[in-house]
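**Q** okay, here's the prediction I keep looking at, along with the sequence it came from:
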Amino acid sequence: MTGNNNAFMEYDLEKYQEAWKKPGALTGMLNWYRALRYKFRRALIKLIYQ
């Protein structure tokens, strides 16, 4: 999951895995990352054209 084996506690990983198994979870996660590029683009445009 990460290059740092101590980045997450075992309890946290279990909770993440539990959440990821729920219906629609993968779609929600992917959509969150997809939305980041639009938010970044809007913020960049706003910064440039102030």
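**A** Noted; the coordinates are in hand.
**Q** contacts and neighbour counts: CA atoms only from here.
**A** OK.
**Q** ok, residues contacting the lengthiest helix in the chain?
**A** As far as residue count goes, and with DSSP state H defining each element, the longest helix of the chain is helix 25-48. Applying C-alpha atoms under 8 Å, 6 or more residues apart in numbering, the contact partners of helix 25-48 are 19-20.
**Q** kindly recompute the last result at 7 Å.
**A** For helix 25-48, the external contacting residues (C-alpha atoms under 7 Å, 6 or more residues apart in numbering) are Trp20.
**Q** okay, that helix in PDB with CA atoms only?
**A** Output in PDB follows, covering the C-alpha atoms of helix 25-48 (Å, rounded to 0.1, in the frame of the first residue of the first chain):
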ATOM      1  CA  ALA A  25     -16.600   2.500  -2.900                       C
ATOM      2  CA  LEU A  26     -14.300   2.100  -5.800                       C
ATOM      3  CA  THR A  27     -16.300   4.400  -8.000                       C
ATOM      4  CA  GLY A  28     -16.400   7.000  -5.300                       C
ATOM      5  CA  MET A  29     -12.600   6.800  -4.700                       C
ATOM      6  CA  LEU A  30     -11.900   7.200  -8.400                       C
ATOM      7  CA  ASN A  31     -14.300  10.100  -8.800                       C
ATOM      8  CA  TRP A  32     -12.600  11.900  -5.900                       C
ATOM      9  CA  TYR A  33      -9.200  11.700  -7.700                       C
ATOM     10  CA  ARG A  34     -10.800  12.600 -11.000                       C
ATOM     11  CA  ALA A  35     -12.300  15.700  -9.500                       C
ATOM     12  CA  LEU A  36      -8.900  16.800  -8.100                       C
ATOM     13  CA  ARG A  37      -7.700  17.800 -11.600                       C
ATOM     14  CA  TYR A  38     -10.700  20.000 -12.200                       C
ATOM     15  CA  LYS A  39     -10.300  21.700  -8.800                       C
ATOM     16  CA  PHE A  40      -6.600  22.200  -9.500                       C
ATOM     17  CA  ARG A  41      -7.300  23.600 -12.900                       C
ATOM     18  CA  ARG A  42      -9.900  26.100 -11.600                       C
ATOM     19  CA  ALA A  43      -7.600  27.200  -8.900                       C
ATOM     20  CA  LEU A  44      -4.700  27.700 -11.300                       C
ATOM     21  CA  ILE A  45      -6.900  29.700 -13.800                       C
ATOM     22  CA  LYS A  46      -8.200  31.900 -10.900                       C
ATOM     23  CA  LEU A  47      -4.600  32.500  -9.800                       C
ATOM     24  CA  ILE A  48      -3.400  33.400 -13.300                       C
END
